[in-house]
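Undergrad: I'd like to go over a predicted model; first the sequence, then the structure.
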Amino acid sequence: NGARAPGSCIPDDEKGYKLDLFCVPKHYEEDLDQVIIPHGLIMDRTERLARDIVRDMGGHHIVALCVLKGGYTFFADLLDYIKALNQNSDKSVPLTVDFIRLKSYCNDQSTNIVKVIGGDELSTLTGKNVLIVEDIVETGRTMETLLSLLSECNPKMVKVVSLLVKRTPRSSGYRPDYIGFEVPDLFLVGYALDYNEYFRDLSHICILNENAKEKYKV
Ligand code: IMP
Ligand code: MG
């Protein structure tokens with residue numbers, strides 16, 4: 001997998017931003033401690049990831065594979081930036097999209113089983129340059145499972161971009177090729193990251209408080 005990809009590092013003692021500095025839906029005000037990554041900063045980092053990806057993969061047709069559901073916002077924004085590069089330079093790279101749905105979480109705990117629950121046949125990826133787009137890597141198990149499933153279909157190249165990577169002792173050591181931000185070992189929500197399906201309708205990445213973990217428990 002090459003060198004350790006750098007990600008913008010958010011330290012463990014990061015204070016974040018008070019909620020009332022930004023716009024947060026009223027229905028979530030009681031549930032969040034702080035904004036840890038404001039939406040604008042996510043967009044700025046994503047723009048640069050798009051540039052790095054096109055530089056490395058831009059020679060050939062890219063199939064962007066979105067890992068649902070958590071990856072969908074990042075996927076859409078990243079592709080918009082790649083499209084902007086395509087539209088505004090002399091070189092351009094054809095881009096097609098594909099989706100896969102994986103599930104490994106219940107409440108705030110990663111389970112040991114990673115379930116594939118929908119998506120196209122992975123066999124359509126044979127011989128292609130595949131860019132897997134994920135929201136967050138924690139233990140690395142989800143990505144390792146997906147990579148081993150994919151390798152059975154013999155793609156030409158596989159790269160992984162994850163908006164977030166968590167610094168956690170539970171990590172298997174797996175590192176994606178491209179990383180947006182390296183984050184502390186906290187449960188984060190917003191920008192499509194969810195807690196039992198809630199908080200996808202929040203633009204900023206925020207720290208979930210303990211009350212909310214109880215409130216939305218299943
Ligand atoms: P892993 O298999 O432990 O690497 O976990 C990856 C998956 O768990 C991600 O695709 C997310 O869906 C979910 N996940 C891990 N940490 C968080 C978090 O802090 N907030 C929301 N979802 C998370
Ligand atoms: Mg995910």
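TA: On my side now, so go ahead. Ligands and ions are numbered 1, 2, ... in the order given.
Undergrad: now what about the helix ranked longest in the chain, what contacts it?
TA: Across the chain, the longest stretch assigned as helix under DSSP state H is helix 39-57. With C-beta atoms under 8 Å, 6 or more residues apart in numbering as the test, helix 39-57 has contacts from 8, 22, 62, 74, 77-78, 81-82, 84-86, 93, 129, 131, 157, 159, 161, 163, 178, 180-181, 191, 203-205. Where C-beta positions appear, they are placed from N, C-alpha and C, glycine not excepted.
Undergrad: go on, stretch 148-158?
TA: Residues contacting stretch 148-158 (C-beta under 8 Å, 6+ apart): 57, 60, 116, 122-123, 125-130, 132, 147.
Undergrad: shouldn't Asp185 be in contact with Arg167?
TA: Yes: with contact defined as C-beta atoms under 8 Å, Asp185 reaches Arg167; the gap is 5.9 Å.
Undergrad: Neighbour count for these two, which is higher?
TA: Arg167 (15 against 12; other C-beta atoms under 10 Å).
Undergrad: Enumerate every residue touching that one.
TA: Contacts of Arg167 by C-beta under 8 Å, 6+ apart are 12, 182-185.
Undergrad: Same check on Glu134?
TA: 67, 70-71, 142-143, 160-163, 176 are the contacts of Glu134 under C-beta under 8 Å, 6+ apart.
Undergrad: Not counting residues beside it along the chain, what's closest to the residue nearest the centre of the chain?
TA: Central residue of the chain (C-alpha atoms, centre = their mean): Asp135, 1.5 Å from the mean position. Nearest non-adjacent residue to Asp135, counting by C-beta to C-beta, 6 or more residues apart in numbering: Gly70, 3.7 Å away.
Undergrad: and the one you found, how many neighbours?
TA: By other C-beta under 10 Å, neighbour count at Gly70 equals 23.
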